[in-house]
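[1] structure of the sequence below:
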Amino acid sequence: MDEQSDAAAVRIFPPGAPVLTRNPMYLQMVLACIGFAVILSNGWILLLTPLCGWLLQRFAILPEEAYLERKFGDTYLAYKGRVRRWLQRPTDDFHARPFERQFGVDLHR
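    Predicted coordinates:
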């Protein structure tokens, strides 16, 4: 990570931070690979997509997570505890109150 660009980072989450995945951009890349494989009817792309996902995790996601843990400490660790790396598991709480989880408001008061 570029140490100069992180000087401006003072908050870890913007309003509406992702609750379905910690890595929406990387998930989108993997889904795009699957989409291209289907559109192009190319089995090789489909077969290589898990390798692409592993490479993203190993060389992009894990270093980013280590950096965020150092920079934001317990705040990021709490976020990691709430939101999964790739896709969130459906839970009763998530389906019952998706808007509240997404935007941090309670509409049931």
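[2] what's the longest helix in this protein?
    Longest helix of the chain, by residue count under DSSP state H: helix 24-39.
[3] what residues of it count as buried?
    26-27, 30, 33, 37 (16 or more other Cβ atoms under 10 Å). Where you see a C-beta, it was placed from the backbone N, CA and C, and this is true even at glycine.
[4] and the next helix or strand past that helix?
    helix 43-56 (DSSP states H and E).
[5] that next one to helix 24-39, inter-axis angle?
    170 degrees (axes from the mean of the first three to the mean of the last three Cα atoms, to 10 degrees).
[6] now for the helix or strand following helix 43-56, which elements pack on it?
    Next along the chain after helix 43-56, taking DSSP H and E as the criterion, comes helix 62-72. If contacts are counted by 3 or more Cβ pairs under 8 Å, 6 or more residues apart in numbering; DSSP states H and E, helix 62-72 sits against helix 74-82.
[7] for the protein, where's the lowest mean pLDDT among helices and strands?
    helix 92-96 (a mean of 51; mean pLDDT, DSSP states H and E).
[8] out of the buried residues of helix 24-39, who's nearest Arg11?
    Tyr26 (21.1 Å; Cβ to Cβ).
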